[in-house]
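Novice: kindly return the folded structure for what I paste below:
(chains A and B)
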Amino acid sequence: MEFTNEQVRLNDIPSVRDIDYEGLDQNYLTVELIALAVVWFVLGIIAFIILVFNIPGWPSWVRMIIFIFFVFFMITTFLMTIWGFRRKQYAVRSKDIIYKQGLLWRSYSVLPFNRIQHAEVHQGPIERAFQLSKLKVFTAGGSGSDLTISGLPFERAQSIKHFILRQAGRDEEE
Amino acid sequence: MRRSEAFELPQRQSQFAIIFIVLRFIRRIIRQTWPIFLALALGRSNSTFDLIEFSIAGLGIIGMITSIVAYFKYYFHLTDSELVISHGILKKVKQNIPFERIQSVNFRQTFIHQFLKVTEVEIETAGSAQQETKIDAIEIPIAEQLRERILKKKAEISSKEDPEESSQSITEEDRKTILRLFPQQLYKVGLVQNHFRPIGLLLGLAGTMIGYSYTYDFDDEFFPKMIYNSAEDFMAEIASFQSLPTLIYVLMGLLVLIIASVLYSIIVTILRHYNLHFWRSGKKFQLVQGLLTRNEFAALDNKIQILNWGQNPFERLVGFYNIGFKQARSGDETRKQSQFGIPGCQQEHVDFVRDEWLGEDSGKFETYHKVSFHYFLRSAFYLSLLFGTISIVNFLFGKLIVAVIIAVIWLIQIGLLWANYKKKRYAINDRELYIGGGTVGFRHSIIPLYKVQNVSVVQNPYQWRRKLATLVVNTAGGRIRLPYIMENDAYSIMDRLNYHVENSKKPWM
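Specialist: Got it, this is the predicted structure:
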């Protein structure tokens, strides 16, 4: 193909910020919360044993403070998970896939289809119970540049995967 | 079977290959069984003595026989479409390597190879998990013919599939030498290498030991009393500057250290870059170098993702640059094979390489942008918090010297951060992205926009509160970070990069 180099007005380039994003499946929040609850349940048992049986022999006010911190952190992580969930959004354009996430540490990634090596849909046992799945998109840039979107409805993940692979294939044929 | 220069018939390697097969056998045996021999040798009595001797002799004989048989069972030849290698004593193995999958044919010579005038041939294949194939030893002229034949056939095949590429197949005459380094230049190159590394390592080690012995209490048994005392005295003397002889010893020690590291750098440079030859042929850069082991590297234009060039402070004094290529890695290829550097280049070499790779007029940018001052401020703040606390605590506990040393290190660190911030800059035009930086030296990187794999904008809480962001550009050969630029700029660069990548039909890997 001949190399062309017409000028592009910077304002004409489509921006990743002016598009509508889709959130993840609401069920995925349930999955995340269950996973978090399991962690806190285990931590809770440990805290319970330490505080109620008072193994180190701390005075009651120390135990009180630890208890308050424990509850505070627990509530914070649940709130962060709920707020963070809302910020996990994706969008599929005709030439790329975009994923943004993060409440405190934010990230915004774009993967052009013509740089994608392959795509996979994964489903673990818990995800299967909620009919969810994980879309993994691989590029040649090493593991750091791969993209994983969890919490997509199974059919949706499949159709995105097929769309991506079709677009990537079309690009190679042209 | 007579060795023929027609590669259609199965033929053996050079007889010398037996040596390398034997060596590999010995290496493997030693690696797998040395603990046993060590145990036997340590717990040696008269009866086990025989056992060791016998087993070594036995293994040796078995090794010799299998190696010789392995040599006679090893054949390679070329068909119309593949390189075929068959080997194996008990288990027959036949490897068929289609020409179109062969990425490159490299020669590697250890000093034994050089002495015997043979070369190891590495056949690098693309896109498979399979490791590259090696032929232990072939006479050099035959190896060169083999390589030429393989590359010619490969070119023929790919030209059939893609007529455009046929014009790209090239002959050896197109070689353009970019740089040659002979021993007399190598000394100079070695002299301006980064000596800070070995010095820093040794100083760091010494510093840690002195620091430890100083901060431990008197009755601490972790360090012998003698070291503690001498370190204590040593610090006190430095602090008071009263005992001149000690100061002289310290300075002399430093001088010896510097000379040692300079010598070390020169020796390493000569071993690694001996008779360096760096040239351009067709659409690739090639490099051959090394004294004990001749190493050959190749970088195809398509596979190069990032071009680096830089200077450490010494190189800056004499106007040397080092050029580095970061290539796309395929399969099991190691980082070492996909990245290589050339020292001792001049500005004109840098320009030549860049223009050859990216086309005429590459690397021209209208404006260079700086990163935000917060890049310095935030790191400096946390660094000061850490060092300041340690320093003040030490001061309050009466450990004045430690406090002063930490304060000095802190100041140096702040200075380095400042230098790093001042040098960090970036530029973008409609073809390339440039990122420059460095701390004591300079480092420049350039990426053609279409080679980008994907782009991310990441923000920590400090950044998004100030409308700043870090841009992460991933390529198939590594990633480049552009820290603390304006959020809007980060997104607009992201959009531009995506636009270029998505509209590009150029082969990028």
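
Novice: what's the neighbour count on residue 62?
Specialist: Just so you know, I chose chain A. When neighbours are defined as other Cβ atoms under 10 Å in any protein chain shown, A:Val62 has 13 of them. Where C-beta positions appear, they are placed from N, C-alpha and C, glycine not excepted.

Novice: that answer is for a different chain, and I need it for chain B
Specialist: With neighbours defined by other Cβ under 10 Å, the count for B:Ile62 comes to 12.

Novice: just to be sure, it is in a helix?
Specialist: Yes - residue state for B:Ile62 (DSSP: H, G, I helix; E, B strand; the rest coil) corresponds to a helix.

Novice: so what's it scoring on pLDDT?
Specialist: Per-residue confidence (pLDDT) for B:Ile62: 83.

Novice: gap between the residue lying closest to B:Gln15 once chain neighbours are set aside and chain A?
Specialist: Using Cβ to Cβ, 6 or more residues apart in numbering or on different chains and skipping the chain neighbours, the partner closest in space to B:Gln15 is B:Tyr71 (7.7 Å). Summarising the geometry, the distance separating B:Tyr71 from chain A, computed by Cβ to the nearest Cβ, to the nearest Å, is 39 Å.

Novice: ok, B:Tyr71 touching B:Ile21?
Specialist: Yes - with the criterion set as Cβ atoms under 8 Å, B:Tyr71 and B:Ile21 qualify as a contacting pair; they are 5.8 Å apart.

Novice: element containing the residue nearest to B:Gln15?
Specialist: B:Tyr71 belongs to helix B:46-72 when assigned by DSSP states H and E.

Novice: now do the buried residues in that helix.
Specialist: Of the residues in helix B:46-72, those buried under the neighbour-count criterion (16 or more other Cβ atoms under 10 Å in any protein chain shown) are B:59, B:63, B:66-67, B:70-71.

Novice: following the chain past it, name the next helix or strand.
Specialist: strand B:75-78.

Novice: quick one, phi/psi of A:Met74?
Specialist: Main-chain dihedrals, A:Met74, degrees, to the nearest 10: phi -60, psi -50.

Novice: mind checking pLDDT for the residue nearest to B:Gln15?
Specialist: Each residue has a pLDDT score; the one for B:Tyr71 is 86.

Novice: roughly how far apart are it and B:Glu502?
Specialist: 54 Å (Cβ to Cβ, to the nearest Å).

Novice: residues from chain B in reach of chain A?
Specialist: Within chain B, the positions lying close to chain A (Cβ under 8 Å from any Cβ of the partner chain) are B:328-329, B:430, B:452-461, B:464, B:474-476, B:478-479, B:491-492, B:494-496, B:498-499, B:501-502, B:504-505, B:508-509.

Novice: and if we set it to 7 Å?
Specialist: For chain B, the residues found near chain A under the criterion Cβ under 7 Å from any Cβ of the partner chain are B:328, B:430, B:453-461, B:464, B:474-476, B:479, B:491-492, B:494-496, B:498-499, B:501-502, B:505, B:509.

Novice: now the buried members of those.
Specialist: With neighbours counted by 16+ other Cβ under 10 Å, the residues of chain B next to chain A contain buried members at B:328, B:453-459, B:464, B:474-476, B:479, B:491-492, B:494-496, B:498-499, B:501-502, B:509.

Novice: mark which of the residues you listed are part of strands, please.
Specialist: Using DSSP state E, the members of these that fall in strands are B:453-459, B:474-475, B:479.

Novice: tabulate those residues (TSV), appending pLDDT and distance to B:Ile29.
Specialist: Supplementary listing: those in TSV, determined by pLDDT from 0 to 100; distance: Cβ to Cβ, whole Å:
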residue	pLDDT	distance to B:Ile29
B:Gln453	88	44
B:Asn454	88	47
B:Val455	91	51
B:Ser456	92	49
B:Val457	94	54
B:Val458	94	50
B:Gln459	95	56
B:Asn474	90	43
B:Thr475	88	43
B:Arg479	87	42
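
Novice: out of the residues you listed, what pair is the most spread apart?
Specialist: B:Gln459 and B:Thr475 (21.7 Å; Cβ to Cβ).

Novice: just to revisit the earlier point, just the buried residues of helix B:46-72 now: which is nearest chain A?
Specialist: Proximity of the buried residues of helix B:46-72 to chain A was ranked by Cβ to the nearest Cβ; the top entry is B:Ala70 with 36.8 Å.

Novice: contacting residues for the closest one?
Specialist: Under the criterion of Cβ atoms under 7 Å, 6 or more residues apart in numbering or on different chains, the contact partners of B:Ala70 comprise B:21, B:87, B:89.

Novice: rerun at 10 Å
Specialist: Under the criterion of Cβ atoms under 10 Å, 6 or more residues apart in numbering or on different chains, the neighbours of B:Ala70 are B:17-18, B:21-22, B:24-25, B:87-89, B:136.

Novice: domain map for the chain?
Specialist: Assuming you mean chain A. Following automatic domain parsing, one finds the domains of chain A at A:26-85, A:90-173.

Novice: could you do chain B instead?
Specialist: As recorded under automatic domain parsing, the domains making up chain B are B:17-168, B:285-371+B:422-503, B:374-421.
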